[in-house]
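S.K.: Give the three-dimensional model of this entry:
(one chain, ligands or ions: 1)
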Amino acid sequence: MKAWENNIRKVTPYTPGEQPNQPDMIKLNTNENPYPPAPGVQRVLREMNGELLRLYPDPAAGVLVKAIADRYHLGEDQVFVGVGSDDVLAMCFLTFFNSKKPILFPDITYSFYDVWAELFRIPYERPPLDEGFHIRKEDYFRENGGVVFPNPNAPTGVEMPLEDIEDILKANPDVIVIVDEAYVDFGACSALPLIEKYENLLVVQTFSKSRSLAGMRIGFACGNPVLIKYLNDVKYSFNSYTMDRTALAAGVEAIKDEAYFQETCSKIMETRERAKGELKKLGFSFQDSKSNFIFAEHESCPAAELFQALREQHIYVRYFPKGRTGNHLRITIGTPREMEAFFAFLRKYLKKN
Ligand code: PMP
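M.R.: Residues are numbered from 1 along each chain as shown. Reported below is the predicted structural model:
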């Protein structure tokens, strides 16, 4: 080993879901939205003046911050934007989790949290979910360096009631509590109204799921202006120009089109509810999901086998082979047609085996 190897920051990176590229594939593996972005987004991209790209974008991302603030009836000083919620969450970890005490997040949750904790050398503990994959709020009532969890949780899709979130906030006045609401728009209750009441709460959301813009990379955090200022201080110490001109223009159009947003979210929720019925008929069990995916286990067929069989048909779902999630598949809700093709294959396959 070379001497300089000792000085290298070594990390085990997060593994993103596969992005296969087959024309006939049914892609239910990375919780993308099956519907295109709002028509205004596509228009603004077509009309974009490429000449302007020689100029830096607004480092404060003013137009997008304003559009988000208007949509959620907040002040512009209560909103922070970033390159997807991964960027926003990474900035939050770097800014707010700077204690010697461990931060807390569930054992089964978004698998980027422990990667950031390792990267930034933040100590952490992972209280286990209960048997039914629910977060036990009492596990978060002890001394810690900060709290973070998704609501609904990923990859389970399970929602935590707002009263329980409020109990966690009340028990943790001395640290920052981050609620990652990547999937909240598919029928769960948002903690956003609580930011007026709890100065230590940050709510993080994304344009990747409910606004069909995973390919654009836009996420945001809402909270007390003091927290937003600290976040901006760290951001400007890292990279001033996070949001490019295209993302700013597209993001504004996406958030402006409330009718399209409501319509596509409703369609996905309807398809999800029908999918729950179909999965049950086929012998799957799962906790109730309030997100755009269902985390399901089959009564007899191992998840690894199903994952492979589906893959051979170019039907992609997500499989996390290790530990308590090792016999589950995470199935993103696609269009009714995609779901029908998925179920048609399962009906045949499960009958045969
Ligand atoms: N939080 C959770 C719980 C997620 O599942 C994801 C999607 N991988 C993200 C945050 C990040 O999404 P994005 O960076 O696309 O906003």
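
S.K.: Tell me how far residue 280 lies from residue 327.
M.R.: Distance, residue 280 to residue 327, using C-beta to C-beta, to the nearest Å: 17 Å. C-betas here are computed from N, CA, C, even on glycine.

S.K.: More neighbours: these two, which one.
M.R.: residue 327 (15 against 12; other C-beta atoms under 10 Å).

S.K.: if I pick the most centrally placed residue in the chain, what's in contact with it?
M.R.: Closest residue to the average C-alpha location of the chain: residue 182 at 3.4 Å, with C-alpha atoms, centre = their mean. Shown in contact with residue 182 (C-beta atoms under 8 Å, 6 or more residues apart in numbering): 85, 110, 150, 154, 204, 205, 206, 208, 209.

S.K.: pretty sure the fourth one is touching residue 291, no?
M.R.: Yes. Checked against C-beta atoms under 8 Å, the pair residue 154 and residue 291 is within contact range at 7.2 Å.

S.K.: between those two, what contacts are shared?
M.R.: With C-beta under 8 Å, 6+ apart as the test, residue 154 and residue 291 both reach 31, 183.

S.K.: ok, these two, which is more surrounded?
M.R.: Ranked by neighbour count (other C-beta under 10 Å), residue 154 and residue 291 place residue 291 first, with 31 against 22.

S.K.: what's the closest non-adjacent residue to that one?
M.R.: Of all residues not flanking residue 291 in the chain, residue 183 sits nearest, at 3.6 Å (C-beta to C-beta, 6 or more residues apart in numbering).

S.K.: okay, now that neighbour: neighbour count?
M.R.: Neighbour count of residue 183, defined by other C-beta under 10 Å: 25.

S.K.: Equivalent analysis for residue 140, please.
M.R.: As a burial measure, residue 140 scores 22 neighbours (other C-beta under 10 Å).

S.K.: thought it was touching residue 104?
M.R.: Yes. With contact defined as C-beta under 8 Å, residue 140 reaches residue 104; the gap is 5.6 Å.

S.K.: tell me, what's touching these two both at once?
M.R.: Joint contacts of residue 140 and residue 104 (C-beta under 8 Å, 6+ apart) are 127, 147.

S.K.: So which bits of the chain are right by the ligand?
M.R.: With C-beta under 6 Å from any ligand atom as the criterion, the chain meets the ligand at residues 84, 85, 86, 110, 150, 154, 180, 182, 206, 208, 214, 219.

S.K.: any idea whether residue 118 is helix, strand or coil?
M.R.: helix (DSSP: H, G, I helix; E, B strand; the rest coil).

S.K.: Near the closest residue to it other than its chain neighbours, how many other residues are there?
M.R.: Distances taken as C-beta to C-beta, 6+ apart place residue 11 nearest to residue 118, at 5.9 Å, with adjacent residues excluded. Neighbour count for residue 11, taken as other C-beta under 10 Å: 11.

S.K.: ok, the residue in the stretch 51-200 of the chain positioned nearest to the ligand - contacts?
M.R.: Nearest to the ligand in the stretch 51-200 of the chain, going by C-beta to the nearest ligand atom, is residue 84, at a distance of 2.9 Å. Contact criterion C-beta under 8 Å, 6+ apart gives 206, 208, 214, 217, 218, 219 as the residues in contact with residue 84.

S.K.: any idea how far it is from residue 129?
M.R.: To residue 129, residue 84 is 25 Å away according to C-beta to C-beta.

S.K.: Tell me the pLDDT of the residue nearest to residue 118.
M.R.: On the pLDDT scale, residue 11 is placed at 94.

S.K.: follow-up on the earlier one: thought the residue nearest to residue 291 was touching residue 155?
M.R.: No. Residue 183 is beyond contact range of residue 155, at 10.2 Å (criterion: C-beta under 8 Å).

S.K.: Next, residue 203: secondary structure please.
M.R.: strand.

S.K.: And it, what's its pLDDT?
M.R.: pLDDT, residue 203: 98.

S.K.: for it, what are its contacts?
M.R.: By C-beta under 8 Å, 6+ apart, the residues touching residue 203 are 178, 179, 181, 190, 191, 192, 194, 195, 221, 222, 223.
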